[in-house]
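Enquirer: Compute the structure for the input listed below.
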Amino acid sequence: MFQLMLAIFVMDTWQYFTHRGLHKNKFLYRHLHSVHHQLTVTYAFGALYNHPVEGFFIDSLGGVISQSLSGMRTRQAALLFCIATLKTVDDHCGYKLPFDPLQLLTSNNADYHDIHHQMIGMKYNFAQPFFVHWDYILGTQMTRQEMERRKLAQKNRDKAE
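Expert: Sure, this is the predicted structure:
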C-alpha cells in the first residue's frame, strides 16, 4: 500500500508541475499543450488527445518515474497505470456522476477538471489525475463557485462598458 501511495504522490507531483509548466511557457503551450486545449468541452476520448511529445513526457515518463521511485513491480505498476488512465478519462468525461467510484475518491473529478478547460479557468486546476493538493498548496485551485463569480463579474463589466 505504501508503494501505491508513493507512486500516486510522485505521479501527481510530476503531472502537476509538468502540466503547469506547459501552460506557463508560451512556446511549449503553443507548440505542444494547445493541441489538448483545442477541446473546450471535455469528453472521455479527449482525455489523451494531445501532442505525442506531451504524451511521452507527462504520461509515459511520469509513469516510469512513479514506478521507479516507488519500487513497484511490473504487475503493481500495470494496475497503477490502468487506474490512472481510467481516472484521466473519467475526469474528462464531462459528467460528475453521483455514484462514480473514481470521482468519489478525490475532489479531482470531471467538474474540477472541466473548470481548467474553460477560458476563465485555464490558469487553474492543473492537478491530474488523482489529488488536488498541489493546486491547493500553490494557489492554483479554482472552485465552480469562484468560476461562476468571475464569469458574473466579467459579464457585469462588459455591460457597464
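Enquirer: any idea which element W14 lies in?
Expert: helix 2-24 (DSSP states H and E).
Enquirer: got a list of contacts for the helix or strand just after that helix?
Expert: Counting by DSSP H and E, the next helix or strand C-terminal to helix 2-24 is helix 26-31. Helix 26-31 is contacted from outside by G21, L22, H23, H51, using C-beta atoms under 8 Å, 6 or more residues apart in numbering. C-beta: built from backbone N, CA, C; applies to glycine.
Enquirer: Distance from helix 26-31 to the middle of the chain?
Expert: Centroid separation for helix 26-31 versus its chain: 18 Å, with C-alpha atoms, centre = their mean, to the nearest Å.
Enquirer: Tabulate the CA atom coordinates of the least confident helix or strand in the chain by mean pLDDT in CSV.
Expert: Within the chain, no helix or strand scores below helix 101-104, which has a mean of 78 by mean pLDDT, DSSP states H and E. Provided in CSV are the C-alpha atoms of helix 101-104 (Å, rounded to 0.1, in the frame of the first residue of the first chain):
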residue,chain,number,x,y,z
PRO,A,101,-16.2,5.4,-7.6
LEU,A,102,-13.4,7.2,-9.4
GLN,A,103,-14.9,10.6,-8.8
LEU,A,104,-15.9,9.8,-5.2
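Enquirer: Pick out the residue nearest the middle of this protein.
Expert: Q128 (3.1 Å; C-alpha atoms, centre = their mean).
Enquirer: Identify the residues contacting that one.
Expert: With C-beta under 8 Å, 6+ apart, Q128 has these contacts: D12, Q15, Y16, H19, T88, D91, N108, H113.
Enquirer: Output the contacting helices and strands for the helix holding W14.
Expert: The helices and strands touching helix 2-24, judged by 3 or more C-beta pairs under 8 Å, 6 or more residues apart in numbering; DSSP states H and E, are helix 26-31, helix 61-70, helix 74-91, helix 133-138.
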